[in-house]
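S.K.: could you look at this predicted model? Sequence included:
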Amino acid sequence: KAGVTQTPRYLIKTRGQQVTLSCSPISGHRSVSWYQQTPGQGLQFLFEYFSETQRNKGNFPGRFSGRQFSNSRSEMNVSTLELGDSALYLCASREGDVGNTIYFGEGSWLTVV
Amino acid sequence: GQQVMQIPQYQHVQEGEDFTTYCNSSTTLSNIQWYKQRPGGHPVFLIQLVKSGEVKKQKRLTFQFGEAKKNSSLHITATQTTDVGTYFCAGSQGAQKLVFGQGTRLTINP
């Protein structure tokens, strides 16, 4: 099976712009989670989607949003970008419920200038 | 909310020395998972512990889950340069989100 695929891998945006990141989970996996990783804050949970429904949400402002499509592919959007949004955004998929192994994609490196 | 604390934040050892990272949760966990992230890479699943007092081994790595299911440890015996990376624990309570510790970054002097 192909692994978790994230696009784009690298991108540079300007403050105030918005960005959309895409994630294709492992085939058959219905749960997709998003994490933000920064050197100072570690892995911070953004949100989780399961069968197109947001199941859990982290403590991020409303500028961060996501969605999941019927084929389990997911997108996350960040509006009105700030310098502090520069980070590695990781998508992870899981076959079933919490407790199953999650598999991470290689991430999307976002730099906001 | 649920918090998972991991110590130490950094650890530098000589090759061949042992290494241990500890994970503590503010609440009782349903399970705990461990991940390794190589420099420049993404986190990769190592193992999951579910039972109270559980101990699992993977070659030179030993994982323990505390009796109260609130703490866990990862011990590496006789480190090798391939062990370099950041080790994360992650815990969950039932259907709640998976909460990651801050990670322990291991560097090794060959």
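M.R.: Now that the structure is in, tell me what you want to look at. The structure presented is a predicted model; accordingly, all values stated were derived computationally and were not measured. Numbering: from 1, shown residues only, chains lettered A, B, ... in the order given.
S.K.: chain B: strands as residue ranges?
M.R.: B:4-7, B:10-14, B:19-25, B:31-37, B:44-49, B:55-58, B:61-65, B:71-76, B:85-92, B:99-100, B:104-109 (DSSP state E).
S.K.: out of these, the one nearest A:Glu48 is which?
M.R.: strand B:85-92 (10.8 Å; C-beta to C-beta). Any C-beta I mention is one placed from the backbone N, CA and C, and that applies to glycine too.
S.K.: partners of the closest one, with directions?
M.R.: Its sheet considered, strand B:85-92 pairs with strand B:31-37 (antiparallel), strand B:99-100 (antiparallel), strand B:104-109 (antiparallel) by DSSP bridges.
S.K.: make a markdown table from those strands and add mean pLDDT and distance to A:Gly66 to it.
M.R.: As requested, those are exported to a markdown table (pLDDT from 0 to 100; distance: least, C-beta to C-beta, whole Å):
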| stretch | mean pLDDT | distance to A:Gly66 |
| --- | --- | --- |
| strand B:31-37 | 95 | 22 |
| strand B:99-100 | 90 | 18 |
| strand B:104-109 | 96 | 29 |
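S.K.: just put the ones you listed in JSON lines and tack on mean neighbour count.
M.R.: Below are these laid out as JSON lines (neighbours: other C-beta atoms under 10 Å in any protein chain shown):
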{"stretch": "strand B:31-37", "mean neighbour count": "23"}
{"stretch": "strand B:99-100", "mean neighbour count": "22"}
{"stretch": "strand B:104-109", "mean neighbour count": "18"}
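S.K.: on that earlier part again, quick check: which of the strands of chain B is buried the most?
M.R.: The highest average neighbour count among those, using mean count of other C-beta atoms under 10 Å in any protein chain shown, belongs to strand B:85-92 at a mean of 25.
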